[in-house]
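Asker: Just need the structure, nothing else, for what follows:
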Amino acid sequence: MTGLSSPLLVLIFIGASAVTWVAGVGLSKTTDALDVRLGFGQELGGIILLAIAGSLPEVAITISAAADGNLQLAAGNLIGGIAVQTMVLVLCDFVVGSERPLTFLVGALTPVLEGLLVVLVVSGVLMGALLPPSTAIAGVVSPASVAIVVIWTVGIYVINRVRKDPRWSVSMPGSRPGRRHRREPHAEQAHPFAKASTAWVAGVFLSACLVTLIAGVGLETTGSTLADRAGINGVIFGATILATATALPEISSGIAAVRLGDHALAVGDIFGGNAFQVCLFLLADLIAGSPVLPSAGRLNGWLASLGVGLTAIYAIGVIARPMRCRLRLGPDSLLAIVVFGLGITGLVVVHG
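Answerer: Prediction:
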């Protein structure tokens, strides 16, 4: 890649972004179809498989960046991606319309639990970044990376039990949460690939996985080269442009969810993806052969705090249920835009 001209690298990066979007949408639809047919999302192992499938662009970038020794880019994409993907909820809120904000319509508390799980795992990231590199299991894996995976696994188990058997009842007049899970049939639209065989769906799923992984490697290699030529810090590039490219499938699936009336799923999917994303630090450690979190630095600490703040804004919105929209957005989305803008401005200031 280093021998190619910058305009050609830009074209490759844009092309890889487009491929990531198309393949990511196909991946989302095939995982939904397989989940309905096989029911593997009902158990913890299936939930983990679905989470990995939904985060393949981040998996590819993490593997590629860690193998190249570009640890700051890997950390920036994983941590900064939380803030960028949370901002997808602004687009979802806009698509909902001007009658009521997205968080008013959610009508469920499970997304709040998923948001709290994001806070827990990101807390592990912040603490792991303070550990010295010498604090490693077998000299390779940070104990914080292991703890994050354990916390996420336990958290997902608890959330899944709550979804199956809630111990409370909530009354939210006027809400329209939609389906509790994507495997539930939709009254107005059939599940994707309803007329295709399971073998065909599985083949499309594997093909989408392969294409997504290749596109993710292309994004990392071209993006890293372009960032170096432009003199852009790897953390800033990974947390902004690269994270936006990998968030394209979430944008598509989120908008599709709110158009189907699945408002709770739209919010829960974003929070759930963000919570799993930082589990990839364990993979990054194994690929790099040393702990990645200690190399995160101040910029990633800032981004992690920004991601937690944006998550809290929408979690509060689900509970507070604002009723009015301005410019087709609820007050929580408007606040999120302001906070995100200030956060990115502060990132540049912290970088100096």
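Asker: which residues of the stretch 151-300 of the chain fall in helices?
Answerer: Applying DSSP state H, counting those that start in this stretch to the stretch 151-300 of the chain gives helices spanning 198-230, 234-237, 243-246, 248-259, 263-277, 280-288, 297-320.
Asker: May I see the buried residues of the fifth one?
Answerer: Right, the one you point to is helix 263-277. Neighbour-count burial for helix 263-277 flags 263-277 (criterion: 16 or more other Cβ atoms under 10 Å). From N, CA and C alone the C-beta is placed, and that goes for glycine too.
Asker: Need the CA coordinates for that helix. CSV is fine.
Answerer: Only the C-alpha atoms of helix 263-277 are listed here, as CSV (Å, rounded to 0.1, in the frame of the first residue of the first chain):
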residue,chain,number,x,y,z
HIS,A,263,-37.4,1.0,18.7
ALA,A,264,-36.1,-0.9,21.7
LEU,A,265,-34.0,-3.2,19.5
ALA,A,266,-32.5,-0.2,17.7
VAL,A,267,-31.1,1.3,21.0
GLY,A,268,-30.2,-2.1,22.5
ASP,A,269,-28.3,-3.2,19.4
ILE,A,270,-26.1,-0.1,19.5
PHE,A,271,-25.4,-0.5,23.2
GLY,A,272,-24.8,-4.3,22.8
GLY,A,273,-22.4,-3.8,20.0
ASN,A,274,-20.5,-1.2,21.9
ALA,A,275,-20.2,-3.4,25.0
PHE,A,276,-18.8,-6.3,23.0
GLN,A,277,-16.4,-4.2,21.0
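Asker: For that helix, which helices and strands make contact with it?
Answerer: Packed against helix 263-277, as judged by 3 or more Cβ pairs under 8 Å, 6 or more residues apart in numbering; DSSP states H and E, are the following elements: helix 44-54, helix 71-86, helix 88-96, helix 102-105, helix 110-129, helix 143-164, helix 248-259, helix 297-320.
Asker: 6 Å instead, please
Answerer: The helices and strands touching helix 263-277, judged by 3 or more Cβ pairs under 6 Å, 6 or more residues apart in numbering; DSSP states H and E, are helix 71-86, helix 88-96, helix 110-129, helix 248-259.
Asker: ok, residues contacting the third one?
Answerer: Residues from elsewhere that reach helix 110-129, judged by Cβ atoms under 6 Å, 6 or more residues apart in numbering: 142, 144, 147-148, 151-152, 155, 159, 163, 264, 267-268, 271-272, 274-275, 278, 293, 296, 304, 308, 311, 315, 318.
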